[in-house]
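In: Need coordinates for the following:
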Amino acid sequence: MAEKQKLRRIYGIGEKQLKKYFTEAMKSKKLVTEVLLNKLETRLDNAIFRLGWASSRAKARQIASHGHILLNNKKVDIPSIILKKGDTIAIKKSSLSKPLFKNLETKLKKHKAPSWLSPDKNQLKTKVLGLPLRKEIEIPVDLQMIIEYYSR
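Out: Model prediction:
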């Protein structure tokens, strides 16, 4: 249970969401841990964090829910949207002048995005290339214990 709580705290999600992701992972024919991690990693708020547009997942969630993000050129305000291959994420032009995004370009010069995201640092756009690789996801959680917990 402690591992489950740790995972929930890392990704900033509720119990219902995690249980839903676990149920979907169990239904798939792939490895449950891989599917669960992919669901968590490909959330919009996590992608914003991984791109370096936000300093924390909580801040990324706030950026998404305040409508600063365009997904496939449409304004979105749901941080839990699961991204798919081919999706494009961008920061709204009107939001770039906000203090929240000040000095973003200098921060991005030092930041390295994961391989499943292809950022264009000049236009602040990103294309989703596919699913994240397991070796790129570094979380201090024993996923097997979480699966055992939910399998009861």
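
In: who's in contact with the lowest-mean-pLDDT helix or strand in the chain?
Out: The helix or strand of the chain with the lowest confidence, counting by mean pLDDT, DSSP states H and E, is helix 104-110 at a mean of 82. Residues outside helix 104-110 that contact it (Cβ atoms under 8 Å, 6 or more residues apart in numbering) are 52, 53, 96, 119, 121, 124. (Each C-beta comes from the backbone N, C-alpha and C, glycine too.)

In: Convert the helix or strand following that helix to PDB, retaining C-alpha atoms only.
Out: Next helix or strand after helix 104-110 toward the C-terminus (DSSP states H and E): strand 117-120. What follows is strand 117-120, C-alpha atoms only, in PDB (Å, rounded to 0.1, in the frame of the first residue of the first chain):
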ATOM      1  CA  LEU A 117       8.800  13.400 -27.300                       C
ATOM      2  CA  SER A 118      10.300  15.500 -30.100                       C
ATOM      3  CA  PRO A 119      10.400  19.200 -29.000                       C
ATOM      4  CA  ASP A 120      10.900  22.200 -31.200                       C
END
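
In: Would you mark the buried spots in the least confident helix or strand of the chain?
Out: Residues of helix 104-110 classed as buried under the neighbour-count rule (16 or more other Cβ atoms under 10 Å) are 104, 108.

In: Pull out the buried residues from the contacts of helix 104-110.
Out: Here, 16+ other Cβ under 10 Å leaves 52, 53, 119, 124 buried among these.

In: where's the last one relative to residue 133, distance?
Out: If I follow you right, that is residue 124. Going from residue 124 to residue 133 by Cβ to Cβ, to the nearest Å gives 24 Å.

In: Dead centre of this protein: give me the residue that sits there.
Out: residue 46 (2.0 Å; Cα atoms, centre = their mean).

In: which one among the buried ones among the contacts of helix 104-110 gets closest to residue 111?
Out: Closest approach to residue 111 among the buried ones among the contacts of helix 104-110 (Cβ to Cβ): residue 52, at 3.4 Å.
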